[in-house]
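Fold the following, please.
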Amino acid sequence: MMSKITKRMVALLPGKELLHNRGVLYALCMIALLQIIMYGNVKDFNSITMLLMIGFLASFFSKNMIVILGVAIVATYVLNYVPYGTISEGAENMDKKDKKDKTESVDDIASGQASLAEKATAPTPEEQKEQLMDSLQSDFSEFQKIQESILTGMKDIDPLLTKAEKFISKFEYYSKKLGESSETMKEEPTE
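All right, here's what the predicted structure looks like:
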């Protein structure tokens, strides 16, 4: 039933041939992929998930990929980039002047307290140097531990390397002997 309604609505649209155009489909696919790459680049995984979920939900209402991709792209854009002030709900009778005054005073108090907190917790240059030295010393001690473990590993592997060298020299010796015996067999006349 839903597809019949959708078909009737599509038939009424003046540009319905665009809904079956491959160029439009490929363009929307590229836009969707570029949006996914862009959101991934800025690590906005919520927007990627939203784009995919809106596309998935739109597929229940239409089987046309142009419609599905278009709805997903536009809805994700609207939800990400349209300011919340333009989409409002309720409080239509509230005086706008009172609302602005209240928000401005709250914003002023919050920004003042935030700047005071930053100044109070900001380390001095001497404290920054001390923190840097502490982190450097802890990293150096970790490096020394790793260095010691590498050296003990090298000491443990040294006997194995000497055994392997002895085996290789024995193998080369036997291969030379085997090569000499096969050459003498070739030189002997056959009767």
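
Next, the buried residues of stretch 17-27.
For stretch 17-27, a neighbour-count test (16 or more other Cβ atoms under 10 Å) marks 19, 24-25 as buried. Every C-beta, even on glycine, is put in place using the N, C-alpha and C of the backbone.

Just give me how far that stretch sits from the chain centre.
30 Å (Cα atoms, centre = their mean, to the nearest Å).

And it, end to end?
Distance between the two ends of stretch 17-27: 15 Å, counting by Cα to Cα, to the nearest Å.

oh, and call the first residue 25 from now on, that's how I've got it
All right, first residue 25 from here; so that's stretch 41-51.

Which helix or strand lies directly C-terminal to the helix or strand bottoming out on mean pLDDT in the chain?
The weakest-scoring helix or strand in the chain, judged by mean pLDDT, DSSP states H and E, is helix 120-145 (a mean of 59). Next along the chain after helix 120-145, taking DSSP states H and E as the criterion, comes helix 149-211.

avg pLDDT for that following helix?
Helix 149-211 shows a mean pLDDT of 80.

which helices and strands sit right next to that helix?
Counting contacts by 3 or more Cβ pairs under 8 Å, 6 or more residues apart in numbering; DSSP states H and E, helix 149-211 packs against no other helix or strand.

ok now that helix, how far from the chain's centre?
Here the centre of helix 149-211 is set off from its chain's centre by 37 Å, with Cα atoms, centre = their mean.

Share the number of residues neighbouring residue 187, please.
Residue 187 has 10 neighbours, counted by other Cβ atoms under 10 Å.

Perfect, I'm done here.
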